[in-house]
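Participant: One predicted model, sequence on top.
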Amino acid sequence: MPFVVIEAPTELGLKREHPDRPMGVVRLPDALRRAGFPRMIGASDGGRIVPPAYDASRNPPDRVLNLEGIHAFSLALARPVEESVRGGRVPVVLGGDCSLLLGSLLGLKKIGRFGLAFIDGHSDFYTPATSTTGGVAGMDLAIACGRAVERLSTLAPPEPLIVPEDVVLLGRRDIEEARTFGGEPDGAVQDWPLPRIRDAGLRNATKQAIAHFQSREVEGVWVHIDADVLHDDLMPAVDSR
């Protein structure tokens with residue numbers, strides 16, 4: 001199946017270090033295009049989803065940053081994702097803000113039931129009550145599973161964007177941090193933290209993840225990759241851990 005690149009230069013899910021200065025993640029799609037990434041994978045151009053203006057306040061009642069902006073952006077992103085898959089193409093969504101997971105899953109949910117391979121250095125299972133920043137990029141998996149922020153988790157009401165049992169979480173290294181500060185993943189999620197992967201071996205862990213998806217009889221699998229799953233020596237360009 002051919003690839004189609006969809007650019008999603010959003011920062012709405014992150015807390016800015018400087019209120020008036022955009023985060024570096026918004027430059028990621030342009031940088032990868034200049035580096036020739038779409039050409040390397042033979043991808044067509046799926047356009048760019050321009051996010052709404054950034055709002056630095058934690059909006060009540062959910063106490064998250066850019067709640068309405070992320071809602072609107074997710075709806076906009078869902079359309080090209082859905083259209084690509086229905087057209088027999090594989091969408092490759094390029095962005096550096098994990099809140100784009102919501103729109104991607106929404107597009108798939110309009111088609112059928114998909115699994116999620118969530119490859120990330122962190123659980124992303126915080127909630128507005130446990131998050132210190134209010135950034136959806138640290139809550140995106142919890143929201144997708146229907147565990148937080150109803151305004152976003154029910155973009156396709158009444159069910160959440162994905163069934164927790166259809167998720168495999170791979171590579172997180174925030175075990176103690178998540179346990180201490182309230183970011184542990186839902187028990188229904190298949191959790192493969194970094195030590196478990198190292199014990200099993202990468203090939204075996206991958207085989208077991210695939211076997212789990214096959215047992216769930218999903219129509220396909222969305223692969224979400226946060227670059228901070230890589231060691232800092234290999235990938236130092238991370239705006240928000």
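Facilitator: Structure received.

Participant: Just name the shakiest helix or strand of the chain by mean pLDDT.
Facilitator: strand 58-59 (a mean of 76; mean pLDDT, DSSP states H and E).

Participant: Give the burial count for the closest residue to Arg86 other than its chain neighbours, as a bare number.
Facilitator: Computed as CB to CB, 6 or more residues apart in numbering, the closest residue to Arg86 that is not its neighbour in sequence is Ile111, at 6.5 Å. In short, each C-beta sits where N, CA and C put it, glycine included. Applying other CB atoms under 10 Å, we find 13 residues neighbouring Ile111.

Participant: give me the element the residue located most distally from the centre of the chain is part of.
Facilitator: What lies farthest from the middle of the chain is Asp199; by CA atoms, centre = their mean that is 25.8 Å. Using DSSP states H and E, Asp199 falls within helix 194-200.

Participant: Figure out how far that helix is from the centre of its chain.
Facilitator: Offset of helix 194-200 from its chain centre (CA atoms, centre = their mean, to the nearest Å): 22 Å.

Participant: who touches that helix?
Facilitator: Here helix 194-200 makes contact (CB atoms under 8 Å, 6 or more residues apart in numbering) with Leu170, Gly171, Arg172, Arg173, Ile175, Trp192, Ala205, Gln208.

Participant: Tell me the helix or strand right after it.
Facilitator: In N-to-C order, the element after helix 194-200 by DSSP H and E is helix 202-216.

Participant: Give the buried residues for that following helix.
Facilitator: Within helix 202-216, the residues scored as buried using 16 or more other CB atoms under 10 Å are Ala205, Thr206, Ala209, His212, Phe213, Arg216.

Participant: Please identify which of the contacts of helix 194-200 is nearest to Val92.
Facilitator: Nearest to Val92, judged by CB to CB, of the contacts of helix 194-200 is Leu170 at 18.5 Å.

Participant: how close does the residue sitting nearest the centre point of the chain get to Pro157?
Facilitator: Nearest to the mean C-alpha position of the chain, by CA atoms, centre = their mean, lies Leu101 at 3.3 Å. Per CB to CB, to the nearest Å, Leu101 is found 18 Å from Pro157.
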